[in-house]
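1. Okay, structure incoming, though there's no sequence with it:
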């Protein structure tokens, strides 16, 4: 959420004010910043850096499940990067959707449920590990997505199952 980055920044500022180069915390800040868009980096590699005109579904807007808090949520950075690269995005979140709508307006399309978000999408990106996303109807996903492609930032699904189902499935820190 928003507390950890703020606290790390405060420690780095205090160190700087005391003429101490707190390199490890600066490294933490850099890594955390990169992590926000790691799914976009993976997606861009998959599409050979050309997502202009493509459409993507994004499940999860809040920074964690069971909250509507979107402060420092990876989804916001993902949306920004996708749009800057010429893509369009439809989003769904059980709680955070109104906060995102109030923050970014019509920059994205808002779905009323997770499956509606998949309509005409080239791939699905998952940014929050809501329980409703953990056991989806994969047949419904397959019949709705244009391609069986999922970029999962929360490692929700079993790798072998995804292979058996015929998905291109890219998660974090796994093969």
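-> Everything's here; your move. This one's a predicted model, so the numbers in the text were calculated from it and none came from an experiment.

2. What are the boundaries of the helices in this protein?
-> Counting by DSSP state H, the chain has these helices, from start to end: 3-17, 23-35, 38-46, 74-84, 97-104, 131-134, 138-144, 159-164.

3. and residue 67, which of the ones you listed is closest to it?
-> Residue 67 sits nearest to helix 97-104 of all the helices of the chain, at 9.9 Å, using Cβ to Cβ. Heads up, the C-betas are built off the backbone N, CA and C, glycines and all.

4. Least confident of the helices of the chain, on average?
-> Taking the average pLDDT of each of the helices of the chain, the minimum falls on helix 23-35, with a mean of 68.

5. center of this protein, which residue is that?
-> For the chain, the residue nearest the mean C-alpha position is residue 127 (3.3 Å; Cα atoms, centre = their mean).

6. from the helices of the chain, which stretch is densest packed?
-> Ranked by average neighbour count under the criterion mean count of other Cβ atoms under 10 Å, the helices of the chain are headed by helix 74-84 at a mean of 20.

7. so how far is it off the chain centroid?
-> Here helix 74-84 shows a centroid-to-chain-centroid distance of 8 Å under the convention Cα atoms, centre = their mean, to the nearest Å.

8. For the residue nearest to the centre of the chain, give me its contacts.
-> Contacts here follow Cβ atoms under 8 Å, 6 or more residues apart in numbering; on that basis residue 127 touches 39, 58, 59, 60, 61, 73, 74, 75, 78, 153, 154.

9. Next one: it relative to residue 15, how far apart?
-> Taking Cβ to Cβ, to the nearest Å as the criterion, residue 127 is separated from residue 15 by 31 Å.
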